[in-house]
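Chemist: Provided below are the primary sequence and the corresponding predicted coordinates.
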Amino acid sequence: MESMNLSIDQLESRANTIRRKILQMVHSAGCGHPGGPLGLADIFTVLFMNILRLDPKQATAPARDRFILSNGHVSAVLYAAMQERGFWPDLDIMSFRSLGSPFQGHPSTRYLEGIENCSGSLGQGLSVASGLSLGLKQQGQAARVFCCISDGECGEGMTWEAATAAAHYKAPVIAFMDWNGIQIDGYTRDVCHLGDLPARFQALGWQCSTVDGHDIQAIQTSLLAARSNTSGPQIIFFQTTLGKGISFMENQPGWHGKAPNDAEMQSALAELV
Ligand SMILES: Cc1ncc(C[n+]2csc(CCOP(=O)(O)OP(=O)(O)O)c2C)c(N)n1
């Protein structure tokens, strides 16, 4: 099981390709979530190309690293990054969100090999990932479990049940947060203030770090460091900008969940040269 080991330049170019695909998927569906996926594109590029040790041709091999997506509405970045890594070469991700497509708005294990969990109902992923990491540890497996959660999900009680138990049992899970300060109805500070999130995780016993979620080199360094640490639960707070790369979408809660119209699509793609 290997990763792709791309250079920083190659990763930057892949992230750009992934952003284009995200926009095209949401635009052709006429609905969906562009903001979160664009904000996560740099992280998912590094994670899927250079960190996760897996083989798309043996998607269920026991030795593979696992990736659990908790905030399932950002599915467009998951599908685009996984296809860039080599999953589903014969499937058309532009069928995104259409009836009968395997690329549903919220990912399901029923339709696509390589998807590790169903998501869409927020707050569940950290429990899945923490339990999975403990199970693999118990079996003596070297595979690692990564989990993406969002700040909006910290309004869900289940996130904190998972965080408490993972620390208590020293689950070797590697979580990271899409820390963009935005959720469905606005800025998190206005909708439901979450307090000092790193301090809250740290108080439970998690190892926390804060990293620029758009600095490809820094993302890679932080994920590699986390990968080599098995002592207990870790969380990287990636500071991200919702809609990153498209000036009129950046940090605008309105782009959490709506498709660009034709004119917006044209000017968005023009920004991703
Ligand atoms: C259990 C549950 N409650 C509510 C929702 C509706 N919902 C969908 S996305 C969202 C906001 C999530 O916040 P975040 O992931 O931080 O948003 P983003 O940064 O992607 O804009 C909510 C409340 C849901 N999917 N699941």
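Modeler: The structure has been received and is ready for your questions.
Chemist: which residues touch the residue in the stretch 151-273 of the chain positioned nearest to the ligand?
Modeler: Proximity of the stretch 151-273 of the chain to the ligand (Cβ to the nearest ligand atom) peaks at residue 152, 1.9 Å away. All C-beta spots, glycine's among them, are computed from the backbone N, C-alpha and C. Neighbour list for residue 152: 71, 122, 182, 183, 184, 188 [criterion: Cβ atoms under 8 Å, 6 or more residues apart in numbering].
Chemist: Try it again at 7 Å.
Modeler: Residues counted as contacts of residue 152 (Cβ atoms under 7 Å, 6 or more residues apart in numbering) are 122, 183, 184, 188.
Chemist: Quick check: beta-bridge partners of the second one?
Modeler: Assessed by DSSP bridges, residue 183 has beta-bridge partners residue 186.
Chemist: so how many other residues sit close to it?
Modeler: 24 (other Cβ atoms under 10 Å).
Chemist: Same question for the first one.
Modeler: Burial measure for residue 122: 21 neighbouring residues, criterion other Cβ under 10 Å.
Chemist: Show residues contacting stretch 177-185.
Modeler: 36, 39-40, 71, 148-152, 187-189, 191, 235, 237-242, 253, 256-257.
Chemist: again with stretch 98-114
Modeler: 29, 32, 56, 59, 69, 72-73, 75, 78-79, 82, 87-88, 91, 93, 95-97, 115, 117-120.
Chemist: Quick check: end-to-end length of it?
Modeler: 20 Å (Cα to Cα, to the nearest Å).
Chemist: Does it reach the ligand?
Modeler: No - contact between stretch 98-114 and the ligand is absent, the nearest approach being 7.9 Å (criterion: Cβ under 6 Å from any ligand atom).
Chemist: Just list what the strand or helix carrying residue 15 packs against, helices and strands only.
Modeler: Assigned by DSSP states H and E, residue 15 belongs to helix 8-29. Contact analysis of helix 8-29 by 3 or more Cβ pairs under 7 Å, 6 or more residues apart in numbering; DSSP states H and E lists helix 35-46, helix 75-85, helix 216-227, helix 262-271 as its packing neighbours.
Chemist: need the contact list for residue 125.
Modeler: Going by Cβ under 7 Å, 6+ apart, residue 125 touches 68, 69, 70, 117, 119, 147, 149.
Chemist: wait, which of those is closest to residue 165?
Modeler: Residue 165 lies nearest to residue 147 out of those, by Cβ to Cβ, at 13.8 Å.
Chemist: which secondary structure element contains the closest residue to that closest one other than its chain neighbours?
Modeler: Using Cβ to Cβ, 6 or more residues apart in numbering and skipping residues adjacent in sequence, the residue nearest residue 147 is residue 129, 3.5 Å away. Element membership of residue 129 [criterion: DSSP H and E] is helix 125-138.
Chemist: Ok, residue 176 next?
Modeler: Counting by DSSP H and E, residue 176 is part of strand 173-179.
Chemist: Mind checking the pLDDT average for that strand?
Modeler: Per-residue pLDDT over strand 173-179 has a mean of 98.
Chemist: Run me through the strand neighbours of it, direction for each.
Modeler: strand 145-150 (parallel), strand 234-239 (parallel).
Chemist: quick one, that strand and helix 216-227 angle?
Modeler: 150 degrees (axes from the mean of the first three to the mean of the last three Cα atoms, to 10 degrees).
Chemist: and strand 173-179, how far from the chain's centre?
Modeler: 8 Å (Cα atoms, centre = their mean, to the nearest Å).
Chemist: And for stretch 126-138?
Modeler: So, by Cα atoms, centre = their mean, the centroid of stretch 126-138 is 18 Å from its chain's centroid.
Chemist: go on, stretch 95-113?
Modeler: Stretch 95-113 sits 17 Å away from the centroid of its parent chain (Cα atoms, centre = their mean).
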